[in-house]
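S.K.: Just a sequence and a predicted model for now, questions to come.
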Amino acid sequence: MYRHRWWKRTQYFDKISDSVILETRRVDFVPLLQSCQRVYSEIMDIIFQKNTFLFDDTDAIIDFSHTLLPQRLGMIRTLQLSFLCFNPSWDRCCQILATKLPGLKTLTIRLYPYDLDYWLMPLYQIQQPTVFRVLLTKSSRPGPQLEESIGRFVDAPFRIELVEGRGFSKEHCYTVTTAT
């Protein structure tokens, strides 16, 4: 005699007798919810404190700051920003970096070396990072005026470096961009 049973949720069906036998047991979900809350709390620390967030648009930073709770923004430790061109929201972006990310420890900004006053003056309000670097991408024909322009920012809260190429290594980074 062949007997076949299969399980479905908390009941099983017996093919021979066509009977349904229900298993009843009390399930306490509170420990599961409490452990989920603990895991959530622990993972939030890891996500925001141990990762590098990479932004390539000033509006993305502004939108990101409106999306997260203030305490989550305050947990961000490392940011890398890379911008190709001007954006009218640059001043607002710098204001957010200065006021809404109190836990920011490392800030690296990659720019192209044109109109340095526009890009660099708003950065003076950002004081919290212990490592604050501005990487200027070397142009094919760097001139003495670039060196002269950089010299005006010796008292800045950031260090200016001339670098080759563009962009960042995206290893271990979260990329945050705005939808188009």
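M.R.: Perfect, I can see it now. Given the structure is predicted, the values throughout are model-derived calculations rather than measurements.

S.K.: in which helix or strand would I find Arg133?
M.R.: strand 131-137 (DSSP states H and E).

S.K.: Dump that strand to PDB, restricted to CA.
M.R.: C-alpha atoms of strand 131-137 as PDB (Å, rounded to 0.1, in the frame of the first residue of the first chain):
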ATOM      1  CA  VAL A 131      40.400  63.900   6.400                       C
ATOM      2  CA  PHE A 132      39.200  66.400   3.800                       C
ATOM      3  CA  ARG A 133      40.700  66.200   0.300                       C
ATOM      4  CA  VAL A 134      39.800  68.000  -2.900                       C
ATOM      5  CA  LEU A 135      41.200  66.200  -5.900                       C
ATOM      6  CA  LEU A 136      41.600  68.300  -9.000                       C
ATOM      7  CA  THR A 137      41.900  66.300 -12.200                       C
END
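
S.K.: helices or strands up against the helix or strand following it?
M.R.: Following strand 131-137 in sequence order, the next helix or strand is helix 144-151 (DSSP H and E). Other helices and strands packing on helix 144-151, by 3 or more Cβ pairs under 8 Å, 6 or more residues apart in numbering; DSSP states H and E, are strand 159-163. For the C-beta atoms, the positions are set from N, CA and C on the backbone; glycine is no exception.

S.K.: what about Lys50, neighbour count?
M.R.: 11 (other Cβ atoms under 10 Å).
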